[in-house]
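1. show me the folded form of this:
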Amino acid sequence: MKDGVNGVALGVCIFFFLLVTVMGFLAARWRRAENEHSLDEWGLGGRSFGTWVTWFLLGGDLYTAYTFVAVPAAVYATGAAGFFAVPYTILVYPLIFTFLPRLWSVSHRHGYVTTSDFVRGRFGSKSLSLAVALTGILATMPYIALQLVGIQAVLDVMGVGGGESTHWFVKDLPLLIAFGVLAAYTYSSGLRAPALIAFVKDTLIYIVIAVAIIYIPIKLGGFGEVFAKAGQKFTETGSGGLVPAAAGQWTYATLALGSALALFMYPHSITATLSSRSREVIRRNTTILPLYSLMLGLLALLGFMAIAAGVKVKNGQLAIPQLFENMFPDWFAGVAFAAIAIGALVPAAIMSIAAANLFTRNIYKDFIRPQATPKEETRVSKIVSLLVKVGALVFVLTMDKTVAINFQLLGGIWILQTFPALVGGLFTRWFHRWALLAGWAVGMVYGTVAAYGVASPTSGQKHFGGSAKEIPGIGEIGYIGMTAFVLNAVVAVLLTFVLRAVNAPQGVDETRPEDYTADAGDPGVEAELPPATAAAPQ
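-> Got it, this is the predicted structure:
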């Protein structure tokens, strides 16, 4: 790490930060709606985004600053095992092609803003809807916090904020300013702000990756030299390898599959999806989003390059920012740092909006103030989005960073347990609402307890030290989230048979078969008609 503050890099980074700040506030005037006092407008951008805006928004939403920092950091520390993120982002797109258009259609027909809205309407259960909402909020909070970790890594490498002896307020002031500005333009512009800024964020990331994948290997003597030095390092330390070890293959496979199933269960993924203007936009995006997977594969290689470049850091999250500072001219290092920092602002904004929408629609309106008007809903959602950001900021500033990482791993285990209710509900009404709630509870309890018992072999943490544990009955080490998901599904299926046999009340299904294939411009559900009780698509 260079001594002092890297003034050139900092100047370039500040320039791009100011640029996106201006764009964030101007976004309030972009595609301005006649009625701004509704969650459709503030929280979903008026459901008006086309193919390219949705593509940039989803890319900015899913491929975050933490992705930029953590994936190559995992490769830097463990070798090929860190590449699990690449196959999981390949698996996810055929999967979402099957169900996201259906979710968009039924949400468009009934005005659903969140996944919990759909679950409540499909199964006639506020309890199940509340479980999905609370899970989404819990899983999202540490995810927002990790965006701050990405920004902090950049600030640390640039030398901003002083050393460990510096007063906490001075040290964290740049972070406080960044998220203060983020909170202001998100409150003002809603989802339109991250949608507009995502163009800058993704363009910068593609430029940085394209340059890095060519420029850095040339300086290091070619890819052959990069892989040779990485292989030598892993042989000497025994900490990983260029090929996943046989003992870790179950972990690799189940982590990739479980992560693929969980990715579009996160509220921010659904928020970005529902903001598009037609189901055809969703279908197109599932075919072009794999371009980001190509970028992710190249990004992961930076972990090997950091080894070959001799980067030595105690905190693996600093490996890639430090590689950029060591290898790039100062001005381009500033561009790379700006890409990471803006890559934190975009998803953090979408995540806070998504969490706020869940609270407003599925807790505040359903349980606290059922008579809330659309204008009141929007006001509450704006305030909650601010509180969510403040909570994430306090979380990061007061707790050890490894705690935030462990909670994010736990968040992935949790959010996967909403899959049976959401995706199962999109294709069949066969599952009983009480069985789905029981399955969710079993998955949540097992996943949390199992993760609590995992110790970290490197940091010495006794609890929440990882997301893999022995799979009961198989004996192999696998992703805890997948084991919990299987238990969840088994309980849901068995209890559904029992509850149907005793004719337990199933709740009212307000959806109809044609709702799941409706597109923009199709006639909506007539308000005067009673909710449909027939089972929708089987």
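2. what's around Lys219, how many residues?
-> Around Lys219 there are 13 other residues, counting by other C-beta atoms under 10 Å. In short, each C-beta sits where N, CA and C put it, glycine included.
3. with Arg102 instead?
-> By other C-beta under 10 Å, the residues close to Arg102 number 22.
4. and it, how far is that from Arg109?
-> 11 Å (C-beta to C-beta, to the nearest Å).
5. same check, this time on Gly222
-> For Gly222 relative to Arg109 (C-beta to C-beta), the value is 56 Å.
6. more neighbours, those two?
-> Per other C-beta under 10 Å, whichever of Gly222 and Arg109 has more neighbours is Arg109, with 21 against 12.
7. I figured that one hits Ala518, correct?
-> Yes: under the criterion of C-beta atoms under 8 Å, Arg109 makes contact with Ala518 at 5.0 Å.
8. going by secondary structure, the residue nearest to Ile205 when sequence neighbours are not counted is in what exactly?
-> Spatial nearest neighbour of Ile205, excluding adjacent residues (C-beta to C-beta, 6 or more residues apart in numbering): Ala339 at 4.8 Å. Ala339 is part of helix 330-359 when elements are defined by DSSP states H and E.
9. buried ones in that helix?
-> Using 16 or more other C-beta atoms under 10 Å as the test for burial, helix 330-359 gives 330, 332-359.
10. list the buried residues of the following helix or strand past that helix.
-> Using DSSP H and E, the helix or strand that follows helix 330-359 in sequence is helix 374-398. Judged by neighbour count using 16+ other C-beta under 10 Å, the buried positions of helix 374-398 are 377-378, 380-382, 384-385, 388-389, 392-393, 395-396.
11. do the same with stretch 78-94
-> For stretch 78-94, by 16+ other C-beta under 10 Å, it's 78-93.
12. equivalent analysis for stretch 454-470, please.
-> Those buried within stretch 454-470 under the rule 16+ other C-beta under 10 Å are Val454, Gln461, Phe464, Gly465, Gly466, Ser467, Ala468, Lys469.
13. alpha carbons only: can I get that stretch in CSV?
-> Presented in CSV, the C-alpha positions along stretch 454-470 are these (Å, rounded to 0.1, in the frame of the first residue of the first chain):
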residue,chain,number,x,y,z
VAL,A,454,-19.9,-24.0,12.1
ALA,A,455,-16.5,-22.7,13.3
SER,A,456,-14.1,-20.9,11.1
PRO,A,457,-10.7,-22.7,10.6
THR,A,458,-9.0,-19.5,9.7
SER,A,459,-10.4,-16.7,11.9
GLY,A,460,-11.0,-18.8,15.0
GLN,A,461,-14.7,-17.9,15.2
LYS,A,462,-16.7,-20.6,17.0
HIS,A,463,-20.1,-19.7,15.5
PHE,A,464,-21.4,-18.7,12.1
GLY,A,465,-17.9,-19.3,10.6
GLY,A,466,-19.2,-20.7,7.3
SER,A,467,-22.1,-22.0,5.3
ALA,A,468,-21.2,-25.6,4.8
LYS,A,469,-21.7,-28.6,7.1
GLU,A,470,-22.1,-32.4,6.8
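14. show residues contacting that stretch.
-> Stretch 454-470 is contacted from outside by 251, 254-255, 402-403, 406-407, 409-410, 412-413, 450-453, 476-481, 483, using C-beta atoms under 8 Å, 6 or more residues apart in numbering.
15. where does the stretch 301-450 of the chain dip in pLDDT?
-> When residues are selected by pLDDT under 70, those of the stretch 301-450 of the chain lie in 399-406.
16. for the chain, same thing?
-> Along the chain, segments meeting pLDDT under 70 span 1-3, 31-36, 161-171, 239, 399-406, 457-460, 522-538.
17. and the top helix by length along it, how far out from the chain's middle?
-> If you go by DSSP state H, the chain has its longest helix at helix 126-158. Its chain's C-alpha centre and that of helix 126-158 lie 8 Å apart, by C-alpha atoms, centre = their mean, to the nearest Å.
18. now the next helix or strand after it and helix 374-398, what's the angle there?
-> Per DSSP H and E, the first helix or strand lying C-terminal to helix 126-158 is helix 168-189. Relative orientation of helix 168-189 and helix 374-398, computed by axes from the mean of the first three to the mean of the last three C-alpha atoms, to 10 degrees: 160 degrees.
19. now the strands for the stretch 401-538 of the chain?
-> Per DSSP state E, counting those that start in this stretch, the stretch 401-538 of the chain carries strands over the ranges 468-470, 477-479.
20. of the ones you listed, which approaches Thr51 most closely?
-> Comparing these by their distance to Thr51 (C-beta to C-beta), the top pick is strand 477-479, with 33.1 Å.
21. for Val113, state which of the buried residues of stretch 454-470 is nearest.
-> Ser467 (30.2 Å).
22. is it true that Trp42 touches Leu191?
-> Yes: with contact defined as C-beta under 8 Å, Trp42 reaches Leu191; the gap is 7.2 Å.
23. give me the common contacts of these two.
-> Common neighbours of Trp42 and Leu191 (criterion: C-beta under 8 Å, 6+ apart): Ile353.
24. number of nearby residues for Gly316?
-> Using other C-beta under 10 Å, Gly316 has 20 neighbouring residues.
25. how near is it to Thr78?
-> To Thr78, Gly316 is 9 Å away according to C-beta to C-beta.
26. residues in contact with the residue nearest the centre of the chain?
-> A centroid search over the chain (C-alpha atoms, centre = their mean) returns Leu62, at 5.2 Å, as the residue closest to the centre. Leu62 is in contact with Thr89, Leu263, Ser269, Leu289, Tyr292, Pro347, counting by C-beta under 8 Å, 6+ apart.
27. look up how far Pro142 lies from it.
-> If you measure Leu62 against Pro142 using C-beta to C-beta, the figure is 16 Å.
28. report the separation between Lys375 and Ile383.
-> The spacing between Lys375 and Ile383, counted by C-beta to C-beta, is 13 Å.
29. same check, this time on Phe68
-> With distances taken as C-beta to C-beta, Phe68 is found 30 Å from Ile383.
30. and for Thr140?
-> As judged by C-beta to C-beta, Thr140 and Ile383 stand 17 Å apart.
31. so what's the closest residue in space to Val423 that isn't next to it in sequence up against?
-> Spatial nearest neighbour of Val423, excluding adjacent residues (C-beta to C-beta, 6+ apart): Phe99 at 5.3 Å. Taking C-beta under 8 Å, 6+ apart, we find Phe99 in contact with Val423, Leu426, Phe427.
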